[in-house]
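Chemist: No sequence on hand, only this structure:
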């Protein structure tokens, strides 16, 4: 079964990336259960955009550990 038609135009890209980055993308693909590396990249960009938007609005990005410890994450 193919991918459903998208209302957005598609553009083919070729990336020259370090082997380590490719390995990171492949690990994320497994963790996310993503069908492709393209899906991993798409989802990563969407998540990063949301984090940047929140930070620009003045929101704090915080990771709360199980023990309650909180660490603020600086995006940029």
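Modeler: Arrived safely, thanks for sending. In this text, all values refer to a predicted model and were calculated from it rather than measured experimentally.
Chemist: Residue 70 contacts residue 63, doesn't it?
Modeler: Yes. Using C-beta atoms under 8 Å, residue 70 makes contact with residue 63 at a distance of 7.1 Å. In short, each C-beta sits where N, CA and C put it, glycine included.
Chemist: where does the protein dip in pLDDT?
Modeler: Scanning the chain for pLDDT under 70 picks out the ranges 1-4.
Chemist: Show me where it has its helices.
Modeler: With DSSP state H, the ranges of helices along the chain come out as 19-32, 37-56.
Chemist: Counting by contacts, list what the shortest one packs against.
Modeler: If I follow you right, that is helix 19-32. Where contact means 3 or more C-beta pairs under 8 Å, 6 or more residues apart in numbering; DSSP states H and E, helix 19-32 is packed against helix 37-56.
Chemist: The helix it packs on: which residues count as buried?
Modeler: 40-41 (16 or more other C-beta atoms under 10 Å).
Chemist: isn't residue 52 right up against residue 75?
Modeler: Yes. Using C-beta under 8 Å, residue 52 is in contact with residue 75, at 5.8 Å.
Chemist: quick one: which of the helices of the chain is nearest residue 6?
Modeler: Counting by C-beta to C-beta, residue 6 lies closest to helix 37-56 out of the helices of the chain; the figure is 11.1 Å.
Chemist: What's the separation between the residue in the chain sticking out farthest from the centre and residue 40?
Modeler: In the chain, counting by C-alpha atoms, centre = their mean, residue 67 sits farthest out from the average C-alpha position, at 26.1 Å. Going from residue 67 to residue 40 by C-beta to C-beta, to the nearest Å gives 30 Å.
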